[in-house]
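# Predicted model and sequence follow; I will ask about them next.
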Amino acid sequence: MATTINKQRTVNHVVQAGGLPADEAGESLPVLEQFIFALCRENATGEQARQAYHTLKTRFFDWNEVRVSTVRELEEAMAGLSNAESRAQRLVSFLQQVFEESFSFDLECMHKKGVKQAARSLMEYKAATPYVSAWVTQRSLGGHAIPIDEPTLRCSRRLGLVEASMEDLEATRATLEHIVPKAKGPGFTDAISNLAEDFCWEDTPDCGKCPLHQECVVGQETLGEQLATARTARAKPR
């Protein structure tokens, strides 16, 4: 079992190795737009999310036009994302709910509620997920939260940052928030996503090229098996 100190060292290595896209790591959007960006970002790469968000911003006049557009039109705008239809439906649902509350598209009032209350308020939107709430908390509300999607969870388990057997998402997030300092939260989030995209795939991960393979249980096992296979292939019968 990795100690807390070892886990924090691994976190530092993740941030160093994963790289930071400057336009995402330092991005500061209004709460409503950060929510929409998070809808795009969950289970997607930073580049995919930025492209979908940019398309939404440029193809439609404003968020009201997005609200009254068809799901099919929004699905086309978000075509580079997985489950684009579902994301489009959630986007319409979110904008409709916000509009019905205030007849506007402004959620800056969240800043007045305090971080914990604001996070709870975000989860009241039908389109919200724990990832979306945590992302907005981290990026716009100044709180300490680690958004966890499938790639983040996969990498975190393989690196031993969280128990592979831990199924409770809240407990998993609490564990990561304990070992990832608040100041490194955005950097860790982006970096581990990059590692998942570049090396730590669900099937047949590219462990040999991953800069963290020495700290990864799966990486060590995979490379060990590859080495054993290579030795067997080179062995000559007597």
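The structure has been received and is ready for your questions.
# which residues sit against the helix or strand harbouring Ala49?
Secondary structure from DSSP states H and E places Ala49 in helix 46-59. Defining contact as CB atoms under 8 Å, 6 or more residues apart in numbering, one finds that helix 46-59 is touched by 21, 23-24, 36-37, 40-41, 44, 66, 74, 77-78, 80-81, 190, 193-194. No exception for glycine: its C-beta is placed from N, CA and C like everyone else's.
# Tell me how the chain divides into domains.
Structural domains of the chain, as assigned by automatic domain parsing, span the residue ranges 4-20+149-198, 29-139.
# can you give me the helices in this protein?
4-18, 22-25, 31-41, 46-59, 63-68, 71-77, 84-102, 115-122, 130-139, 150-158, 169-179, 185-198, 217-234 (DSSP state H).
# Now those helices in TSV, please, with extra columns for distance to Lys209 and mean pLDDT.
Shown next, in TSV, are the helices of the chain (distance: least, CB to CB, whole Å; pLDDT from 0 to 100):
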stretch	distance to Lys209	mean pLDDT
helix 4-18	11	91
helix 22-25	23	46
helix 31-41	25	97
helix 46-59	19	96
helix 63-68	40	98
helix 71-77	34	97
helix 84-102	30	98
helix 115-122	37	96
helix 130-139	27	97
helix 150-158	15	95
helix 169-179	25	95
helix 185-198	8	94
helix 217-234	10	60
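# Using a markdown table, lay out the ones you listed together with distance to Cys109.
As requested, these are exported to a markdown table (distance: least, CB to CB, whole Å):
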| stretch | distance to Cys109 |
| --- | --- |
| helix 4-18 | 33 |
| helix 22-25 | 25 |
| helix 31-41 | 8 |
| helix 46-59 | 22 |
| helix 63-68 | 16 |
| helix 71-77 | 26 |
| helix 84-102 | 8 |
| helix 115-122 | 9 |
| helix 130-139 | 13 |
| helix 150-158 | 29 |
| helix 169-179 | 25 |
| helix 185-198 | 23 |
| helix 217-234 | 44 |
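# so which of these gets nearest Cys210?
helix 217-234 (6.0 Å; CB to CB).
# Quick check: closest non-adjacent residue to Ala88.
Leu74 (3.7 Å; CB to CB, 6 or more residues apart in numbering).
# I figured that neighbour hits Val66, correct?
Yes - the criterion here is CB atoms under 8 Å, and Leu74 meets it with Val66 at 6.7 Å.
# can you pull the contacts of the residue lying closest to Asp62 once chain neighbours are set aside?
Distances taken as CB to CB, 6+ apart put Phe105 closest to Asp62, at 7.6 Å, once the chain neighbours are dropped. By CB under 8 Å, 6+ apart, the residues touching Phe105 are Leu32, Asp62, Trp63, Asn64, Leu95, Val98, Phe99.
# quick one: Phe105 from Arg67, how far?
The gap separating Phe105 from Arg67 is 8 Å, by CB to CB, to the nearest Å.
# any residues in contact with both of those two?
Shared contacts of Phe105 and Arg67, counting by CB under 8 Å, 6+ apart, come down to Leu95, Phe99.
# roughly how far out does the helix holding Ala49 sit from the chain middle?
Centre-to-centre, helix 46-59 and its host chain are 16 Å apart (CA atoms, centre = their mean, to the nearest Å).
# Would you reformat the domains of the chain as CSV and include distance to Gln220?
Output for those, formatted as CSV (distance: least, CB to CB, whole Å):
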stretch, distance to Gln220
domain 4-20+149-198, 10
domain 29-139, 26
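# Quick check: buried residues in the helix holding Ala49?
If you call a residue buried by 16 or more other CB atoms under 10 Å, then helix 46-59 has these buried ones: Gly46, Gln48, Ala49, Arg50, Gln51, Ala52, Tyr53, Thr55, Leu56.
# Could I get the residues you listed in a markdown table, plus columns for distance to Glu177?
Output for the buried residues of helix 46-59, formatted as a markdown table (distance: CB to CB, whole Å):
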| residue | distance to Glu177 |
| --- | --- |
| Gly46 | 21 |
| Gln48 | 25 |
| Ala49 | 22 |
| Arg50 | 25 |
| Gln51 | 29 |
| Ala52 | 27 |
| Tyr53 | 26 |
| Thr55 | 32 |
| Leu56 | 30 |
